[in-house]
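Asks: let me see the structure of the following:
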Amino acid sequence: VLSFIIFICYIASLAASFMMAPLLEFLLALFLFFAYASKLNEKFKGLYWPLKDFLRCVTAAIIYFAISIAAVSKYNDGASKAAGVFGFIATIVYAIDFYITFNDLVTFLKQGSSDSPEGHKSEDEDSDSNSD
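Replies: Take a look at the predicted model:
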């Protein structure tokens with residue numbers, strides 16, 4: 001929703017050249033929302049969905065921060081200033097989402113490393129030594 005509001009603000013402003021970033025981010029967020037809602041993430045196991053969300057959050061935070069600075073400092077109309085302020089808010093929101101997704105990603109990777117062949121091998125050796 002925030003990306004769509006920023007997109008509308010950029011359309012109404014003199015900084016209309018920045019409208020593509022919020023539009024693409026809105027469409028990506030919409031796609032991921034429908035993908036999770038329709039359980040596509042469970043059907044396509046070959047794609048690592050949390051990593052996609054993590055990369056989307058990182059790039060969105062960086063891009064929103066950059067275009068917000070440009071919009072606030074370079075353009076003087078109210079819509080550009082509003083888009084810049086909403087862009088800074090979006091930067092904070094995406095940074096929080098980045099942090100939460102990063103913690104989930106680390107937890108998943110720690111679980112994945114315990115499922116590695118080395119982990120099973122050491123467990124098998126321990127069970128063999130216990131049976132002696």
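Asks: and the average pLDDT for the helix ranked longest in the chain is what?
Replies: Scanning the chain for the helix with the most residues, using DSSP state H, yields helix 78-114. In this model, helix 78-114 has an average pLDDT of 86.
Asks: so what's the spatially most central residue of the chain up against?
Replies: Centroid-nearest residue in the chain, with C-alpha atoms, centre = their mean: C57, separated by 2.4 Å. Going by C-beta atoms under 8 Å, 6 or more residues apart in numbering, C57 touches Y94, A95, D97, F98, T101. Quick note: C-beta positions are derived from backbone N, CA and C, even for glycine.
Asks: how much space is there between it and A15?
Replies: Distance from C57 to A15, counting by C-beta to C-beta, to the nearest Å: 23 Å.
Asks: so what does S38 look like in phi/psi?
Replies: Phi and psi for S38, reported as degrees, to the nearest 10, are phi -90, psi 10.
Asks: what's the answer for D53, then?
Replies: phi -70, psi -40.
Asks: and the contacts of stretch 62-73?
Replies: 6, 10, 13, 15, 18, 21-22, 25, 80-81, 83-85, 87-88, 90-91, 94.
Asks: three-state assignment of L14?
Replies: coil (DSSP: H, G, I helix; E, B strand; the rest coil).
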